[in-house]
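1. Test case, fold it:
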Amino acid sequence: MAGHTVTRAQLSEAVYQEVGLSRNESAALVDTVLNEIADALARGEMVKISSFGSFSVRQKGQRIGRNPKTGEEVPISPRKVLVFRASHVLKDRINRVAAANKTREPLKTGVM
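-> Here you go, the predicted model:
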């Protein structure tokens with residue numbers, strides 16, 4: 001896996017390069033889209049982006065956890081978690097790129 005992270009600034013630069021808006025307009029557009037997604041999730045709505053995936057918020061109930069250091073049982077409070085489910089289009093694209101980047105098959109060991 002590559003250790004590269006895509007930042008908000010890089011997304012803004014990509015919009016600037018592809019769409020032709022000014023850098024300030026591109027940054028504002030990216031911020032508006034990300035804020036709208038965050039606001040919709042905060043309201044409990046599902047966000048579906050065609051050919052990419054869907055984001056939703058799921059409620060997790062209270063449960064008993066264990067402190068790994070002491071072994072003591074600790075209650076874990078109910079909370080909301082963000083869930084992302086990739087679309088089949090995105091999964092296929094990732095797998096195609098991974099297959100194209102594969103340089104060679106692993107060496108097999110054993111008797112011939």
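2. got the residue ranges for the strands in this protein?
-> In the chain, the segments counted as strands under DSSP state E are 47-49, 53-60, 63-66, 73-76, 79-86.
3. Mind telling me which residue is nearest the centre of the protein?
-> Compute the mean C-alpha point of the chain, and by C-alpha atoms, centre = their mean the closest residue is Phe84, 6.4 Å away.
4. and of the strands of the chain, who's closest to Ser26?
-> strand 47-49 (18.7 Å; C-beta to C-beta). In short, each C-beta sits where N, CA and C put it, glycine included.
5. tell me which residues in that closest one are buried?
-> By neighbour count with 16 or more other C-beta atoms under 10 Å, strand 47-49 contains the buried residues Val47.
6. So which elements touch it?
-> helix 23-42, strand 53-60 (3 or more C-beta pairs under 8 Å, 6 or more residues apart in numbering; DSSP states H and E).
7. Tabulate those (CSV), appending mean pLDDT and distance to Gly71.
-> CSV is the format used below for the helices and strands packed on strand 47-49 (pLDDT from 0 to 100; distance: least, C-beta to C-beta, whole Å):
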stretch, mean pLDDT, distance to Gly71
helix 23-42, 97, 36
strand 53-60, 96, 23
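8. Of these, which is nearest Glu72?
-> Evaluated with C-beta to C-beta, the helices and strands packed on strand 47-49 place strand 53-60 nearest to Glu72, the distance being 20.9 Å.
9. Next, the angle helix 23-42 makes with the closest one.
-> Strand 53-60 runs at 40 degrees relative to helix 23-42, counting by axes from the mean of the first three to the mean of the last three C-alpha atoms, to 10 degrees.
10. and the one helix or strand in the chain whose mean pLDDT sits lowest with strand 79-86, angle?
-> Sorting the helices and strands of the chain by mean pLDDT, DSSP states H and E puts helix 88-101 at the bottom, at a mean of 89. Counting by the same axes, to 10 degrees, helix 88-101 lies at 60 degrees to strand 79-86.
11. What lies in contact with helix 88-101?
-> If you take C-beta atoms under 8 Å, 6 or more residues apart in numbering as the criterion, helix 88-101 is touched by 51-53, 86.
12. which one of the residues you listed has the most neighbours?
-> Among those, Gly53 has the most neighbours (other C-beta atoms under 10 Å), with 16 neighbours.
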